[in-house]
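S.K.: Predicted model and sequence below, questions to follow.
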Amino acid sequence: MAQRPLPPAPLRTLFDQVAARFPGHTMQRIRTPDGRFRYTYASPGMRETFGIDPELVLSQREADHSWVHPEDRGRFVTALHRSADHLETLDEEVRVVGPDGGHKWVRSIGTPRRLADGTVVWDGIALDVTERRAAAEALERAVVLARAAEAARWEAERGAGAMPLASLLELNDAVGQLLAILPAELARTDQCASVRESLARLMAQRVGAADARAPGAAPRLTPRQQTVLALLGAGLTNRQIAARLGTTEGTVKLHVAAVLKRLGVSNRTEAALRAARGLD
């Protein structure tokens, strides 16, 4: 069977211009009457965003979709056939494997049309939705941990104890991951700031409680050092800590150095882990 010609140059130029406006690429995909898939156009964004060589994809007389993660490939091909059989819009999210073995999440969208000879054609787009998927996963983790925190608070009110600092650090890390990939205007809202401040206060209380329970065995930190340690565990930078405490970045650096020295650790991560273990 002769290969179907690529879209004309003016159309490819238009596709390229459209693709340049978002993280992803445009493509033209066909299913031949005998049920085989082939790509007749792929914009340069395929390489730039996902690390896939568009020329290699276009050279395949029958697309093997080897760039799709093995766990998603069968579902994707099934969705393609369903879209072609019923002329339904394709809208699928799959993982695309890059040259380094890592993967990105891709949302593939295209509305099919059937030609006179039975060939089905999709003029579609593929969007990089990795950050959105990561945000959803981080939010899911945060919700699970928040429910655990609520259960721990309820237990504490009954006298069974308080939520461990390690769990607070885990919750704070999940929230931090979510805020890091939210749009800036959302991450700066009062609600987000309130969540971070509440977590910092709780961690400071846990650090203080751990120090008070074992004054002979644990290194003693001043109240300000305890606060700095809690904010370190919350993932704040020296500049952010300085703004939170109303002091200078140079002063915060001195506090951080003092905390590391008193705990006998070499970096912030080790300090947070020591705090999670109750400064043992």
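M.R.: That came in fine, so what should we check first?
S.K.: Just list what the longest strand along the chain packs against, helices and strands only.
M.R.: Looking across the chain with DSSP state E, the single longest strand is strand 103-114. When contacts are defined as 3 or more CB pairs under 8 Å, 6 or more residues apart in numbering; DSSP states H and E, strand 103-114 packs onto strand 24-31, helix 45-50, helix 70-86, strand 90-97, strand 120-128, helix 130-157. All C-beta spots, glycine's among them, are computed from the backbone N, C-alpha and C.
S.K.: which of these sits most buried?
M.R.: Of all these, strand 24-31 has the most neighbours on average by mean count of other CB atoms under 10 Å, namely a mean of 23.
S.K.: Report the angle between that one and strand 90-97.
M.R.: For strand 24-31 against strand 90-97, the angle by axes from the mean of the first three to the mean of the last three CA atoms, to 10 degrees is 110 degrees.
S.K.: Which neighbouring elements make contact with strand 24-31?
M.R.: For strand 24-31, the packing partners by 3+ CB pairs under 8 Å, 6+ apart come out as helix 9-19, strand 37-42, helix 45-50, helix 70-86, strand 103-114, strand 120-128.
S.K.: Contacts for the fourth one next, please.
M.R.: Spelled out, that is helix 70-86. 29, 31, 35, 37, 65, 68, 88-90, 92, 94-95, 108, 110, 112, 114, 120, 122 (CB atoms under 8 Å, 6 or more residues apart in numbering).
S.K.: and what of the third one?
M.R.: Residues from elsewhere that reach helix 45-50 (CB under 8 Å, 6+ apart): 19-20, 23-27, 52-54, 57, 67, 96, 98, 104, 106, 126, 128.
S.K.: pLDDT weak spots in the stretch 101-250 of the chain?
M.R.: 139-220 (pLDDT under 70).
S.K.: What lies in contact with the longest strand of the chain?
M.R.: 24, 27, 29, 49-50, 69, 76, 83-84, 87-98, 120-130, 132-133.
S.K.: ditto for stretch 249-269
M.R.: Here stretch 249-269 makes contact (CB under 8 Å, 6+ apart) with 219-221, 224-225, 228-229, 232, 238-239, 241-242, 245, 270-271, 274, 279.
S.K.: The same query, at a cut-off of 10 Å, please.
M.R.: For stretch 249-269, the external contacting residues (CB atoms under 10 Å, 6 or more residues apart in numbering) are 218-222, 224-229, 231-233, 235-245, 247-248, 270-275, 279.
S.K.: Just the CA atoms of it, as PDB, please.
M.R.: Extracted in PDB, the C-alpha atoms of stretch 249-269 (Å, rounded to 0.1, in the frame of the first residue of the first chain):
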ATOM      1  CA  GLU A 249      18.700  36.400  56.200                       C
ATOM      2  CA  GLY A 250      22.200  36.700  57.800                       C
ATOM      3  CA  THR A 251      20.700  36.200  61.200                       C
ATOM      4  CA  VAL A 252      18.800  33.200  60.000                       C
ATOM      5  CA  LYS A 253      22.100  31.700  58.600                       C
ATOM      6  CA  LEU A 254      23.600  32.100  62.100                       C
ATOM      7  CA  HIS A 255      20.600  30.300  63.700                       C
ATOM      8  CA  VAL A 256      20.800  27.500  61.100                       C
ATOM      9  CA  ALA A 257      24.500  27.000  61.700                       C
ATOM     10  CA  ALA A 258      23.900  26.900  65.500                       C
ATOM     11  CA  VAL A 259      21.100  24.300  65.100                       C
ATOM     12  CA  LEU A 260      23.200  22.100  62.900                       C
ATOM     13  CA  LYS A 261      26.100  22.400  65.400                       C
ATOM     14  CA  ARG A 262      24.000  21.600  68.400                       C
ATOM     15  CA  LEU A 263      22.400  18.600  66.700                       C
ATOM     16  CA  GLY A 264      25.700  17.400  65.400                       C
ATOM     17  CA  VAL A 265      24.500  17.100  61.800                       C
ATOM     18  CA  SER A 266      25.900  18.500  58.500                       C
ATOM     19  CA  ASN A 267      22.800  19.600  56.600                       C
ATOM     20  CA  ARG A 268      19.100  20.600  56.800                       C
ATOM     21  CA  THR A 269      17.800  17.200  55.800                       C
END
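S.K.: Next, the buried residues of that stretch.
M.R.: Under the neighbour-count criterion of 16 or more other CB atoms under 10 Å, stretch 249-269 has Val252, His255, Val256, Val259, Leu260, Arg262, Leu263, Arg268 buried.
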